[in-house]
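*Asks:* Just to be clear, the model below is a prediction. Sequence and coordinates:
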Amino acid sequence: MRLKVNPNRMELLRLRRRYALALRGHKMIKDKLDGLVKEFLPLARQYRDARVSADRELPQLLRPFLLARMGSIEGTVETALMQSTVGARCNVPLQITTTHWRILNVVLTRLEAKVPPAADYSLLDTPSELDTAIVALRDYLNKILTLAELEHAVRLLAKEVEETRRRVNALEYILLPELREAIKFIKAKLDEAERSHISRLLKIKEMFGSRGKELEG
């Protein structure tokens, strides 16, 4: 599809400037796309490994809870956990702070947890597996936060990569070819008009030459 243009020199100059600007824009966006992909691939692999590790570790973390329930009187574990949520040392809530960082103008978030003090329940009435499970889950929280920030980063970068690729393709396969075709069209029309003008001048010169000879004769 050719752009609708007027075949004159002013339009040709305008299109050449626009073409040069589009070329520079294409290079800049292409460089940005290459940079995004370079940052995205290692981050995606890091997220994949973190996801596999978290999924593999979670069943192992839940096993001590099951052992604690099986090795104690029914309701003991639930009661201990309930007491830990209302104990004096649990008045400090879980705090998650966020900081921001950038990859090529894509704003990403880093999460950090401030875990409250250990649960306040009777150690004599509960099995040791419960203590092991709680300590392990407290450590597991940081891994979950890391996984969350990696997933968020991967999603944002993937979206930015896709949008940037669309812009590169639009310039490379639509705008630049249309501008080249329009410039070629105008040049062809101008060359045709110039040849026609030269042809008329030659005919006029020939006519004046013939008339001059007739007058001389």
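*Replies:* In hand now; what should we look at? As the structure is a prediction and not an experimental result, all values here were calculated from the model.

*Asks:* So Glu160 is in contact with Leu36, correct?
*Replies:* Yes: judged on CB atoms under 8 Å, Glu160 makes contact with Leu36 at a distance of 5.9 Å. In this view, the C-beta of every residue, glycine as well, is placed from N, C-alpha and C.

*Asks:* For the two, indicate the residue with more neighbours.
*Replies:* Leu36 (22 against 19; other CB atoms under 10 Å).

*Asks:* my read: that one touches Val161, true?
*Replies:* Yes: counting by CB under 8 Å, Val161 is a contact partner of Leu36 at 4.9 Å.

*Asks:* which neighbours do Glu160 and Leu36 share?
*Replies:* 104, 106 (CB atoms under 8 Å, 6 or more residues apart in numbering).

*Asks:* Quick check, pLDDT for the residue nearest to the spatial centre of the chain.
*Replies:* Closest residue to the average C-alpha location of the chain: Glu160 at 2.2 Å, with CA atoms, centre = their mean. Per-residue confidence (pLDDT) for Glu160: 95.

*Asks:* again with Met82
*Replies:* pLDDT, read off for Met82, is 59.

*Asks:* what number of residues lie near Met28?
*Replies:* Quick note: Met28 (other CB under 10 Å) scores 10 neighbours.

*Asks:* who does the host helix or strand of Leu202 touch, helix- and strand-wise?
*Replies:* Using DSSP states H and E, Leu202 sits in helix 176-216. Judged by 3 or more CB pairs under 8 Å, 6 or more residues apart in numbering; DSSP states H and E, helix 176-216 is in contact with helix 9-70.

*Asks:* which strands and helices sit next to the helix it packs on?
*Replies:* Counting by 3+ CB pairs under 8 Å, 6+ apart, helix 9-70 packs on helix 76-86, helix 128-170, helix 176-216.

*Asks:* Next, format the ones you listed as a markdown table and append distance to Leu61.
*Replies:* Below are the helices and strands packed on helix 9-70 laid out as a markdown table (distance: least, CB to CB, whole Å):
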| stretch | distance to Leu61 |
| --- | --- |
| helix 76-86 | 15 |
| helix 128-170 | 5 |
| helix 176-216 | 55 |
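
*Asks:* between those helices, which one is nearest to Met28?
*Replies:* Closest to Met28 of these, according to CB to CB: helix 128-170, at 10.1 Å.

*Asks:* Which other helices and strands does that closest one contact?
*Replies:* Contacts defined by 3+ CB pairs under 8 Å, 6+ apart place helix 128-170 against helix 9-70, strand 95-103, strand 106-114.
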